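Enquirer: Any chance you could fold what I've pasted below:
(one chain, ligands or ions: 1)
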Amino acid sequence: MEHEAPAETLIIDGSPRAGNTQYVCERIKAGLDHPGRIIKVFNQKILPCTGCMACNKKLPCGLDKKDDMPEIREAIANARVLVVGAPNYWDGVPGHLRTMIDRLNPFFGDGHVDERVYGMPYLQFMVGGRADQDFCIEQGLGGLKRHLGLQQLDSYYSQAVKPRDLRKQPEAIQVAIDDMIRKINAAVAASKR
Ligand SMILES: Cc1cc2nc3c(=O)[nH]c(=O)nc-3n(C[C@H](O)[C@H](O)[C@H](O)COP(=O)(O)O)c2cc1C
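Expert: Numbering: from 1, shown residues only. Presented below is the predicted three-dimensional model:
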């Protein structure tokens, strides 16, 4: 993966396509008053966790030399705010994002969460083809939030089907995006006090 300067807000884009999730991620980044970075999970090399449990014993992950996860974990650990956006796939998140979450287990270890991550302000959003499916965000991302002890700023669900739906109707999501940006900027400012 390309190496970039450390970001104060790290935005994880969990969609494989240049669609609605990516649009929201780009809009958030453009509205930040501090450095932000988007990582598109689909474009990273992320091998699936084999369940060896080395990380539970605080041993190095055997896959870390072979893929992009070390840099992704460092980008998360060095951020002040973490944002995760995902399309709704089967009432949860796409497999590649799920695979990335599995590989965050070194943060969790034997239950003592990495202190750089524990309590980090966190915002999540999901875009799905059907309306009123907010419960799917918790199904897809609730474990990430709970196990790492992230402090949720807010959670958003928007309906869109085709890749350009939200781009064509920006007013449908304008209020939510403004709200997200305001909360992220405030959380980053508060973390510097
Ligand atoms: C494999 C797959 C599974 C999907 N499953 C659901 C689903 O369970 N519920 C839903 O509301 N939409 C579902 N959708 C529709 C997407 O969530 C929708 O097209 C969304 O706009 C995709 O976001 P994106 O443009 O950011 O990729 C699914 C789409 C795909 C490709």
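
Enquirer: Flag every buried residue along stretch 143-154.
Expert: Leu144, Lys145, Leu148, Gly149, Leu150, Leu153 (16 or more other Cβ atoms under 10 Å). Using the backbone N, CA and C atoms, a C-beta is placed for each residue, glycine as well.

Enquirer: out of those residues, which are inside strands?
Expert: Members of these lying in strands (criterion: DSSP state E): Leu153.

Enquirer: want to throw the buried residues of stretch 143-154 into CSV with pLDDT?
Expert: What follows is those, written out as CSV (pLDDT from 0 to 100):
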residue, pLDDT
Leu144, 98
Lys145, 97
Leu148, 97
Gly149, 97
Leu150, 98
Leu153, 98
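
Enquirer: Just the closest of the buried residues of stretch 143-154 to the ligand, please.
Expert: Distance to the ligand across the buried residues of stretch 143-154 (Cβ to the nearest ligand atom) is lowest for Leu144, with 18.0 Å.

Enquirer: residues touching that closest one, list them.
Expert: Neighbouring residues of Leu144 by Cβ atoms under 8 Å, 6 or more residues apart in numbering: Val84, Ile101, Leu104, Leu150.

Enquirer: which ones among these are found in strands?
Expert: Val84.

Enquirer: of all the contacts of Leu144, which comes closest to the ligand?
Expert: The closest of the contacts of Leu144 to the ligand turns out to be Val84 (Cβ to the nearest ligand atom; 12.6 Å).

Enquirer: now, which of the buried residues of stretch 143-154 lie within helices?
Expert: Taking DSSP state H as the definition of helices, the buried residues of stretch 143-154 contribute Leu144, Lys145, Leu148.
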